[in-house]
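Undergrad: following is a predicted model, sequence given first.
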Amino acid sequence: MARTVYVNGEYLPEDEAKVSVFDRGFLMADGVYEVVSVLGGKLIDFQGHMVRLRRSLSELAISEPMTDADCLAAHRELIARNAITDGLVYLQVTRGNPGDRDFAYPPEGTAPTVVMFTQSKPGLADAPAARTGWTVVSVPDLRWGRRDIKTVQLLYPSMAKMEAKARGADDAWMVEEGRVTEGTSNNAYIVKGNTIITRELSHDILHGITRAAVLRFAAEAQMQVEERAFTIDEAQQADEAFVTSASSFVMPVVRIDDAAVGTGAVGPVATRLREIYLEESLKLGV
Ligand code: PDD
């Protein structure tokens, strides 16, 4: 069965969906995106993703294409039409099609392009990797200086992912001025005793929606949270490490470059946080 995707208000079979070659998203990576996970047919933290989407759009002066209610309705429609139980919904908004290539933004009134599609991932919450953990390698962070805006400029993170694979690892942690910024598509954490340490929010990292939820649940579970940057060296000597994102939830990290983290096995804090995150966010799913 062909997947149904959403393009500018229309639901179409994926092979009939089209975006102009002049679209700014295609020519200039002039667009932003969100990824919302689906568990048991429910959207996880939809509202948080909508708040961040609006912020990304406003930072780039791209006009808002639709209301949250319409966006939620479209997400639900795609989930229903594609019979998604577990998986994700990808949403991308670009500055649209000015009809030609030009560095200057198109005139006001040029409609943004909106694309949405689903990816089915049966058993997403039971990923076997959560039991064995990821290995990561460190790479320099060569991205631009506004990583808080969730743009579709993902070439460097893709290159970093490929370098990780070439080095036999699952992902890369990017390092700037000696400190870890984040993973290729996730936020990075270490655990020391009862304290969870993760880089503070700034233009240097994406303000993860999963990060916000996990830090809230951690505080509610009486864990200490310290928001500060850390080095690879400190991470290698931590008791545990993990990453968070809408598609991996809480994923333990058991090896960084050539050093095992803690015992080298998945630790209790990451395991507990994953359980709490899945349980609590499912309750709040829409
Ligand atoms: N990536 N940092 C980066 C660079 C990311 O790309 C992501 C998400 C995160 C985690 O954010 P959140 O918890 O809101 O998903 C952090 C998505 C999942 C992706 O690109 O597929």
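TA: Looks like it came in fine. Computed from a predicted structure; not experimentally measured.
Undergrad: tell me, how many residues neighbour residue 192?
TA: 18 (other CB atoms under 10 Å). Every residue, glycine included, has its C-beta placed from N, CA and C.
Undergrad: please apply the same query to the one 5 residues further on.
TA: Burial of residue 197, expressed as a neighbour count using other CB under 10 Å, amounts to 20.
Undergrad: surely it touches residue 188?
TA: No: the criterion here is CB atoms under 8 Å, and residue 197 misses it with residue 188 at 9.6 Å.
Undergrad: any shared contact partners between the two?
TA: Common contacts of residue 197 and residue 188 (CB atoms under 8 Å, 6 or more residues apart in numbering): none found.
Undergrad: relative to residue 178, how far out is residue 237?
TA: Relative to residue 178, residue 237 is positioned 15 Å away (CB to CB, to the nearest Å).
Undergrad: again, but for residue 44
TA: Between residue 44 and residue 178 the computed distance is 34 Å (CB to CB).
Undergrad: which one of those two is surrounded by more residues?
TA: residue 44 (25 against 10).
Undergrad: residues of this protein that sit close to the ligand?
TA: Within reach of the ligand by CB under 6 Å from any ligand atom, the chain has these residues: 35, 182, 185-187, 206, 208-211, 244-247.
Undergrad: cutoff 8 Å now
TA: Taking CB under 8 Å from any ligand atom, the part of the chain that reaches the ligand is made up of 33-35, 45, 48-49, 52, 88, 90, 147, 150, 154, 157, 182-187, 205-212, 244-248.
Undergrad: isn't there a strand covering residue 38?
TA: Yes: secondary structure assignment places residue 38 in a strand (DSSP: H, G, I helix; E, B strand; the rest coil).
Undergrad: now do the longest helix along the chain: which elements does it pack against?
TA: If you go by DSSP state H, the chain has its longest helix at helix 268-284. Applying 3 or more CB pairs under 8 Å, 6 or more residues apart in numbering; DSSP states H and E, one finds that helix 268-284 makes contact with strand 31-39, helix 209-220, strand 240-245, strand 249-256.
Undergrad: need the winner for burial among the ones you listed.
TA: strand 240-245 (a mean of 27; mean count of other CB atoms under 10 Å).
Undergrad: can you map out the strands along the stretch 1-150 of the chain?
TA: Using DSSP state E, counting those that start in this stretch, the strands found in the stretch 1-150 of the chain span residues 4-7, 10-13, 31-39, 42-43, 87-94, 113-120, 134-140.
Undergrad: mean pLDDT for these - can I get that in TSV?
TA: Formatted as TSV, those follow (pLDDT from 0 to 100):
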stretch	mean pLDDT
strand 4-7	98
strand 10-13	98
strand 31-39	98
strand 42-43	98
strand 87-94	98
strand 113-120	98
strand 134-140	98
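Undergrad: and those: which comes nearest residue 69?
TA: strand 42-43 (13.2 Å; CB to CB).
Undergrad: partners of that closest one in the sheet?
TA: Strand pairing for strand 42-43, using DSSP bridges, gives strand 31-39 (antiparallel).
Undergrad: pLDDT weak spots in the stretch 151-286 of the chain?
TA: Scanning the stretch 151-286 of the chain for pLDDT under 70 picks out nothing.
Undergrad: same check, this time on the stretch 1-150 of the chain
TA: Applying pLDDT under 70 to the stretch 1-150 of the chain flags no residue at all.
Undergrad: can you name the residue of it nearest to the ligand?
TA: residue 35 (4.1 Å; CB to the nearest ligand atom).
Undergrad: surely that residue is in contact with residue 247?
TA: Yes: the criterion here is CB under 8 Å, and residue 35 meets it with residue 247 at 6.2 Å.
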